[in-house]
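*Asks:* okay, predicted coordinates and the sequence, questions at the end:
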Protein chains: 2
Amino acid sequence: MNEAFRTLTLDLGARSYPIYIGPGLLGQAGLLRRHIPSRQVLIVSNKTVAPLYLDRVKACLEGLQVEECILPDGEQYKTLEVLNRIFDRLLGRRFDRGCCLIALGGGVIGDMTGFAAACYQRGVPFIQVPTTLLSQVDSSVGGKTGVNHPLGKNMIGAFYQPRCVLIDTDSLNTLDDRQLSAGLAEVIKYGLINDPGFFAWLEEHMDALRSRDVKALTHAIERSCADKAAIVASDEKEAGNRALLNLGHTFGHAIETGMGYGEWLHGEAVAVGICMAADLSRRMGWIRQDECDRIYALIHQAGLPSQPPTQISPQQFSELMAVDKKVMDGKLRLVLLKGIGHAVVTDQFDLPALNDTLGHSVA
Amino acid sequence: MNEAFRTLTLDLGARSYPIYIGPGLLGQAGLLRRHIPSRQVLIVSNKTVAPLYLDRVKACLEGLQVEECILPDGEQYKTLEVLNRIFDRLLGRRFDRGCCLIALGGGVIGDMTGFAAACYQRGVPFIQVPTTLLSQVDSSVGGKTGVNHPLGKNMIGAFYQPRCVLIDTDSLNTLDDRQLSAGLAEVIKYGLINDPGFFAWLEEHMDALRSRDVKALTHAIERSCADKAAIVASDEKEAGNRALLNLGHTFGHAIETGMGYGEWLHGEAVAVGICMAADLSRRMGWIRQDECDRIYALIHQAGLPSQPPTQISPQQFSELMAVDKKVMDGKLRLVLLKGIGHAVVTDQFDLPALNDTLGHSVA
């Protein structure tokens, strides 16, 4: 119960909040309760995570009015319709504006719970308790919340910050290998954006991470959260710099939407998206072949795919990418690489080169 | 085209915006266009208002990519499901984050369009063009947006401010008498909250307002917007004072929800709610019988009802009121009167007196 943990802070002035990282945190009632403002708490989770961790969280909340809302598991359920089940529960139990929501699960649960909190009675507090590597290193931090639309990923949502993020590294013990790899895609992303030292560290420690070495995983989570927190603090609502965090995501979202939500894991689609961004950057002469090779090698070492699905034609790819949130005045903007640890947001890319990348003729 | 108009400002720092009030403003392209940041515009309206004013607004937007989304008319369509039609249109037309939504219609259209703008790609600009008296004096100003849930009014939404509010007083010429009276309920509300001089003016000019005297209507709109803007500027997210604007609304929302959305007009329910708040205040000795009589008389003079529907039992009333957004820690808070022009938010009301008020034994 008193194991050591680390605390990072996402600095957003009055809306700053702590990110707790360590083993056994799900059992530390005090940590959770200090961020719960009143006696009404709704835990939102899914059918996979709830049997594993719901009781542990509930044990921390004794004496409060604790309700639960257990959703089906998968990206295909991240819809307005399923979101409404959270509102049904909140109103059915007469939860008032002082209530608090807890997101217990991966990125889908975190995104939906955060969006529900943003909208319920025009905004109530919520807490992120991410249980997958992907949500621990990326989606639980920074306040992006929302649901998908059949025509585009995360197209309906809000910027809405949690009161705290509580990352129990022990929860990775129950994560399957495919989900672990998916999370590593976002970890690799941080190295590529602006942290070349971290990228080199990952090349050294990828095997340790995949064999779930606690020390390596904790370091990777901490460094990822710190990298993300710094970028979000500088540009909360993505007026500029924050778009860098979308490295691999324009291609990745197109794959997820095109294949049908839930077919590919988000991290798998991002891994391919990172490779496509690297491939395009190389074709334009922005990075060298050997840098591109290092990126592909690390993605493979993480157990991730690098090739887009052949079912999506270049034409479809272009259409799917045209609804990306980074499009401005009809112009597509992409996150590309000028080196390992040097990502840029740009609309100055070479169209024939992009078509070659979309044509699957990757490095 | 160059008729005189008035400009009020809602002062919210960087998010401040103008409220334009005057005749013929729908024909003034320059006024509208200066608040549209890019070339993509979606006009959201309903089947009643669109045939009357859509072409006039479109004429102001020549050269831009203008799309429309025409929803059915009525409070019963203010749902998440109908909201999704706006997202369908935006994504179907590949509208990007720089696009702008225009709400052309009454309170339902304004609330839904504003909420769609708040959520689309996590936030795009929008403009309010209210065409009913109710939306001109109340719902278009202040940034409350949202949809209803079967268990409670306006329970899902966001605080999200428009870029401007454009009130063409000519649009009241096509409003039917029932809708005009509904709007007067919110006008009377401002007098009761903190503007006794305005209440007295309304007693003098109610007949002029109902016969659509332009000068009287313009004054009533301007004074209402100014009163509301001052309160919103002091408490945008309803941490305190802004709750005063809910005078009559806790009772009123219970009537709307209990009777089924669309049966009663919002303003009619608010009128009864104001009378119930006055009745309860009188029973508690907070206002005198003669003050209560003046309030009932003005409500009647405005062509509005003062008695709650007999179909809702006191028990049902209590249950419906228990999900009000002002409930805190399980405690109902009401806006009551300590005089004409002196409203207070309080949880210190007398429960037997409230039950008497709910029992329809009104003044």
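*Replies:* It's in. All values reported here derive from a predicted model rather than from experimental measurement. Residues are numbered from 1 along each chain as shown, chains lettered A, B, ... in the order given.
*Asks:* which parts of the stretch 1-150 of chain A are strands?
*Replies:* A:6-10, A:17-22, A:40-46, A:65-71, A:100-105, A:126-130, A:144-149 (DSSP state E, counting those that start in this stretch).
*Asks:* who does the fourth one pair up with?
*Replies:* Put plainly, it is strand A:65-71. Here strand A:65-71 is paired, per DSSP bridges, with strand A:40-46 (parallel).
*Asks:* and if you look at the first one?
*Replies:* If you go by DSSP bridges, strand A:6-10 pairs up with strand A:17-22 (antiparallel).
*Asks:* please find the angle between the direction vectors of the partner strand and strand A:126-130.
*Replies:* Regarding strand A:17-22 and strand A:126-130, their directions subtend 30 degrees when assessed with axes from the mean of the first three to the mean of the last three C-alpha atoms, to 10 degrees.
*Asks:* CA-only coordinates of strand A:17-22 in CSV, if you can.
*Replies:* Output in CSV follows, covering the C-alpha atoms of strand A:17-22 (Å, rounded to 0.1, in the frame of the first residue of the first chain):
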residue,chain,number,x,y,z
TYR,A,17,-3.2,18.1,-12.5
PRO,A,18,-0.9,15.3,-11.3
ILE,A,19,0.0,12.1,-13.2
TYR,A,20,0.8,9.4,-10.7
ILE,A,21,2.9,6.5,-11.9
GLY,A,22,3.8,3.3,-10.0
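*Asks:* could you dump the strands of the stretch 1-150 of chain A to JSON lines with mean neighbour count and mean pLDDT?
*Replies:* Quick note: C-beta positions are derived from backbone N, CA and C, even for glycine. Formatted as JSON lines, the entries for the strands of the stretch 1-150 of chain A read as follows, by neighbours: other C-beta atoms under 10 Å in any protein chain shown; pLDDT from 0 to 100:
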{"stretch": "strand A:6-10", "mean neighbour count": "16", "mean pLDDT": "97"}
{"stretch": "strand A:17-22", "mean neighbour count": "20", "mean pLDDT": "98"}
{"stretch": "strand A:40-46", "mean neighbour count": "25", "mean pLDDT": "98"}
{"stretch": "strand A:65-71", "mean neighbour count": "18", "mean pLDDT": "98"}
{"stretch": "strand A:100-105", "mean neighbour count": "29", "mean pLDDT": "98"}
{"stretch": "strand A:126-130", "mean neighbour count": "28", "mean pLDDT": "98"}
{"stretch": "strand A:144-149", "mean neighbour count": "24", "mean pLDDT": "97"}
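*Asks:* Serialize those strands to JSON lines and add fields for distance to residue B:249.
*Replies:* Conversion of the strands of the stretch 1-150 of chain A to JSON lines gives the following (distance: least, C-beta to C-beta, whole Å):
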{"stretch": "strand A:6-10", "distance to residue B:249": "36"}
{"stretch": "strand A:17-22", "distance to residue B:249": "33"}
{"stretch": "strand A:40-46", "distance to residue B:249": "22"}
{"stretch": "strand A:65-71", "distance to residue B:249": "26"}
{"stretch": "strand A:100-105", "distance to residue B:249": "25"}
{"stretch": "strand A:126-130", "distance to residue B:249": "26"}
{"stretch": "strand A:144-149", "distance to residue B:249": "28"}
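*Asks:* what distance do you get for the residue nearest the centre of chain A to residue A:165?
*Replies:* For chain A, the residue whose C-alpha lies nearest the mean C-alpha position (C-alpha atoms, centre = their mean) is residue A:139; its distance is 2.8 Å. Taking C-beta to C-beta, to the nearest Å as the measure, residue A:139 falls 10 Å from residue A:165.
*Asks:* any shared contact partners between those two?
*Replies:* When contacts are counted by C-beta atoms under 8 Å, 6 or more residues apart in numbering or on different chains, residue A:139 and residue A:165 have residue A:130 as shared neighbours.
*Asks:* for the record, mean pLDDT for the helix or strand where residue A:209 lies?
*Replies:* Applying DSSP states H and E as the criterion places residue A:209 in helix A:196-210. Taken as a whole, helix A:196-210 carries a mean pLDDT of 98.
*Asks:* that helix packs against which elements?
*Replies:* With contacts defined as 3 or more C-beta pairs under 8 Å, 6 or more residues apart in numbering or on different chains; DSSP states H and E, the packing partners of helix A:196-210 are helix A:177-194, helix A:214-234, helix A:289-301.
*Asks:* contacting residues for residue A:4?
*Replies:* Applying C-beta under 8 Å, 6+ apart, the residues contacting residue A:4 are residue A:22.
*Asks:* so residue A:166: helix, strand or coil?
*Replies:* Put simply, residue A:166 is strand when judged by DSSP: H, G, I helix; E, B strand; the rest coil.
*Asks:* local confidence estimate at it?
*Replies:* Predicted confidence (pLDDT) for residue A:166: 98.
*Asks:* quick one: it and residue A:32 touch, right?
*Replies:* Yes - with contacts defined as C-beta atoms under 8 Å, residue A:166 counts as touching residue A:32 at a distance of 6.3 Å.
*Asks:* hmm, back to that, which one of the helices and strands packed on helix A:196-210 is the most hemmed in?
*Replies:* Ranked by average neighbour count under the criterion mean count of other C-beta atoms under 10 Å in any protein chain shown, those are headed by helix A:177-194 at a mean of 24.
*Asks:* pull the CA atoms of that one into PDB?
*Replies:* Once side chains and other backbone atoms are set aside, the C-alpha atoms of helix A:177-194 remain, and they are given as PDB (Å, rounded to 0.1, in the frame of the first residue of the first chain):
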ATOM      1  CA  ASP A 177       0.900  -9.100 -26.000                       C
ATOM      2  CA  ARG A 178      -1.000  -7.500 -29.000                       C
ATOM      3  CA  GLN A 179      -2.200  -4.700 -26.700                       C
ATOM      4  CA  LEU A 180       1.200  -4.200 -25.200                       C
ATOM      5  CA  SER A 181       2.700  -3.800 -28.700                       C
ATOM      6  CA  ALA A 182       0.000  -1.400 -29.700                       C
ATOM      7  CA  GLY A 183       1.000   0.800 -26.800                       C
ATOM      8  CA  LEU A 184       4.600   0.700 -27.800                       C
ATOM      9  CA  ALA A 185       3.700   2.500 -31.100                       C
ATOM     10  CA  GLU A 186       2.800   5.600 -29.200                       C
ATOM     11  CA  VAL A 187       6.000   5.300 -27.100                       C
ATOM     12  CA  ILE A 188       8.100   5.100 -30.200                       C
ATOM     13  CA  LYS A 189       6.300   8.200 -31.400                       C
ATOM     14  CA  TYR A 190       7.600  10.400 -28.600                       C
ATOM     15  CA  GLY A 191      11.200   9.500 -29.500                       C
ATOM     16  CA  LEU A 192      10.600  10.400 -33.100                       C
ATOM     17  CA  ILE A 193       8.900  13.700 -32.400                       C
ATOM     18  CA  ASN A 194      11.500  15.500 -30.300                       C
END
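*Asks:* for the nearest residue to residue A:183 once chain neighbours are set aside, list the residues it contacts.
*Replies:* In space, not counting the residues next to it along the chain, residue A:183 is nearest to residue A:133; the distance is 2.6 Å by C-beta to C-beta, 6 or more residues apart in numbering or on different chains. By C-beta under 8 Å, 6+ apart, residue A:133 lies in contact with A:172, A:175, A:179, A:180, A:182, A:183, A:184, A:187, A:217, A:221.
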